[in-house]
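**Q** using only what follows, build the 3D model:
(2 chains)
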Amino acid sequence: KQEVTQIPAALSVPEGENLVLNCSFTDSAIYNLQWFRQDPGKGLTSLLLIQSSQREQTNGRLNASLDKSSGRSTLYIAASQPGDSATYLCALGGGGADGLTFGKGTHLIIQP
Amino acid sequence: NAGVTQTPKFRVLKTGQSMTLLCAQDMNHEYMYWYRQDPGMGLRLIHYSVGEGTTAKGEVPDGYNVSRLKKQNFLLGLESAAPSQTSVYFCASSYGDRGGTEAFFGQGTRLTVV
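**A** Model prediction:
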C-alpha cells in the first residue's frame, strides 16, 4: 500500500525566506504527483502537477521536483509571503492505489 | 467556468438520518471521486467513478453509496448517518487517472452527525 509522508508537519518562518517542503512515498510506480494548497475551511487548490516522466515543474515562485528512484518530491517556495500561509498537501496517482494517495500535509505560517 | 461544485456546504444530521451530497463538474471529465478529510488522517478515498453509469469502492466505502447517472454529476449518499461519519467531504474530478491528468477539487461539505 502506497504511503505518503510529509515533513515537516508544521513550519513557521519569517517573510522573505526561501523554504522547502518535503514529500516521500513508498511505491515508485506512480503516474503523477500533485501539490495542493488548502486554506482553512476551504477546498484544495492545485499548485503543480508532475508527470512520472518529468523531473520538475515550475509555477511562479513555486518549483516542485520529483525523484522516483528515491521516492521523494520537494516543493520549493521562493521569497515567501504572508499570503503563502496555508496547508500544503502532496498527493500521488498510481502506486497500486485508486485515485490519489495523500500525505497529511505541512501547515505553513509565514510571519509578516 | 465553475469547475467542481458541491452542495450543500454545511449540514448537521441526527444519527440515523439520511442525506445525499451532490457533486457537479462542468469540465467534461470522465473520472469523479469522493474523499473524506479527518484530522490526523488526511484525505481518504470513499468511492469513485470512471465514467457515466460506473462506480467503484475506494479505501473507506462502508456506510456510503454513490451513483453516477449523468456524466457531470456524482452523488454520495448516507443511508443511516453515524457520528463516525462526521467529516469534511470533498469531491474531485479528472480527465483520466494517470499521466498528465490533473485533479480538480470542490470546496467541500462539512457534515456533522450528532
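
**Q** helix/strand/coil for B:Leu69?
**A** Three-state call for B:Leu69 (DSSP: H, G, I helix; E, B strand; the rest coil): coil.

**Q** can you verify my assumption that it contacts B:Gly51?
**A** No - counting by CB atoms under 8 Å, B:Leu69 does not reach B:Gly51; the two are 11.8 Å apart. For glycine as for every other residue, the C-beta is placed from the backbone atoms N, C-alpha and C.

**Q** compare those two (neighbour count), which wins?
**A** The residue with more neighbours, out of B:Leu69 and B:Gly51, is B:Gly51; 12 against 9, by other CB atoms under 10 Å in any protein chain shown.

**Q** where do the strands sit along the chain?
**A** Reading this off chain A. A:4-7, A:10-14, A:19-25, A:30-38, A:44-51, A:56-59, A:62-67, A:72-77, A:86-94, A:100-102, A:106-111 (DSSP state E).

**Q** think we crossed wires, I meant chain B
**A** Under the criterion DSSP E, chain B contains strands at B:4-7, B:10-13, B:19-25, B:31-38, B:42-49, B:56-57, B:65-67, B:73-78, B:87-94, B:104-105, B:109-113.

**Q** what residues does chain A have near chain B?
**A** Contact residues, chain A versus chain B (CB under 8 Å from any CB of the partner chain): A:31-32, A:34, A:36, A:41-46, A:49, A:51-52, A:89, A:91, A:93-94, A:97-100, A:102-105.

**Q** name only those of those that count as buried.
**A** Burial by neighbour count, 16 or more other CB atoms under 10 Å in any protein chain shown: within the residues of chain A next to chain B this picks out A:31-32, A:34, A:36, A:43-44, A:46, A:49, A:51-52, A:89, A:91, A:93-94, A:97-100, A:102-105.

**Q** sorry, back to before: got CSV for the strands of chain B, with mean pLDDT, mean neighbour count and distance to chain A too?
**A** Output for the strands of chain B, formatted as CSV (pLDDT from 0 to 100; neighbours: other CB atoms under 10 Å in any protein chain shown; distance: least, CB to the nearest CB, whole Å):
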stretch, mean pLDDT, mean neighbour count, distance to chain A
strand B:4-7, 97, 18, 8
strand B:10-13, 97, 14, 10
strand B:19-25, 98, 19, 12
strand B:31-38, 96, 23, 5
strand B:42-49, 95, 22, 4
strand B:56-57, 96, 14, 7
strand B:65-67, 98, 17, 13
strand B:73-78, 98, 20, 13
strand B:87-94, 96, 23, 7
strand B:104-105, 94, 20, 4
strand B:109-113, 98, 18, 8
